[in-house]
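In: I'd like to go over a predicted model; first the sequence, then the structure.
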Amino acid sequence: AQSVTQPDIHITVSEGASLELRCNYSYGATPYLFWYVQSPGQGLQLLLKYFSGDTLVQGIKGFEAEFKRSQSSFNLRKPSVHWSDAAEYFCAVAPNQAGTALIFGKGTTLSVSS
Amino acid sequence: EPEVTQTPSHQVTQMGQEVILRCVPISNHLYFYWYRQILGQKVEFLVSFYNNEISEKSEIFDDQFSVERPDGSNFTLKIRSTKLEDSAMYFCASSGQGNAKNIQYFGAGTRLSVL
């Protein structure tokens, strides 16, 4: 069965420091991969996606993620974290067809310290 | 920027009552979804809807749940007889056409509290 693992439940990073949030997936083929962010009281906002091609994808708000097939990973990175990045981050996968379910990880809560 | 709109933001109901959660997807989108997130747990898929019929549903989506697109803009989730364990945040999502059909955009959610 498809699954997504986000090993870190909560991460605290100093403002200005770099960030990496881990995501591992289990899926028979190469799925579509996504990172969403949820700020308090807000919905899920799409940060970036990977469908095919270049394994390093750029997203909004200065985030990037790298797809590594050999490790079944899709880790999210940001070189310099801002206090406004404090939120919950969800990795998700889906089969490469429309109208199908996104399978989410449990999420990683990011706190930013000054 | 177009967005998915959900109403109400918070719904409180008594156990056994029917509730309808409402969503207005992005206007030119063709695929519609409902997810839920029980407090402290992961976001779970409930159902997807395309061309006026359910295209996929999870085991959570039992006979107590139904979805409808009553007009050209709304997409609703009905829970016929709510249970305590239905308390959760419910998210609506939609996706478009062509290359965008696999990108789901989410609303802010409706928090359902069953007492």
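Out: Happy to help now that I have it. Residues are numbered from 1 along each chain as shown, chains lettered A, B, ... in the order given.
In: strands of chain B, residue ranges please.
Out: Using DSSP state E, the strands of chain B run over B:5-7, B:10-13, B:19-24, B:31-37, B:43-50, B:53-57, B:65-68, B:75-79, B:88-95, B:105-106, B:110-114.
In: an error on my part: the question was meant for chain A.
Out: Assigned strands in chain A, in chain order: A:3-5, A:10-14, A:19-21, A:24-26, A:32-38, A:44-50, A:56-58, A:64-68, A:73-78, A:87-94, A:103-104, A:108-113 (criterion: DSSP E).
In: now do the contacts for the residue nearest in space to the middle of chain B.
Out: Against the mean C-alpha coordinate of chain B, by Cα atoms, centre = their mean, the closest residue is B:Trp34 at 3.1 Å. Contacts here follow Cβ atoms under 8 Å, 6 or more residues apart in numbering or on different chains; on that basis B:Trp34 touches B:Leu21, B:Cys23, B:Leu46, B:Val47, B:Val67, B:Leu77, B:Tyr90, B:Phe91, B:Cys92, B:Ala93. Backbone N, C-alpha and C define where each C-beta goes, glycine included.
In: circling back: tabulate the strands of chain B (JSON lines), appending mean pLDDT.
Out: Rendered in JSON lines, the data for the strands of chain B read as follows (pLDDT from 0 to 100):
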{"stretch": "strand B:5-7", "mean pLDDT": "94"}
{"stretch": "strand B:10-13", "mean pLDDT": "96"}
{"stretch": "strand B:19-24", "mean pLDDT": "97"}
{"stretch": "strand B:31-37", "mean pLDDT": "95"}
{"stretch": "strand B:43-50", "mean pLDDT": "94"}
{"stretch": "strand B:53-57", "mean pLDDT": "92"}
{"stretch": "strand B:65-68", "mean pLDDT": "96"}
{"stretch": "strand B:75-79", "mean pLDDT": "97"}
{"stretch": "strand B:88-95", "mean pLDDT": "95"}
{"stretch": "strand B:105-106", "mean pLDDT": "94"}
{"stretch": "strand B:110-114", "mean pLDDT": "97"}
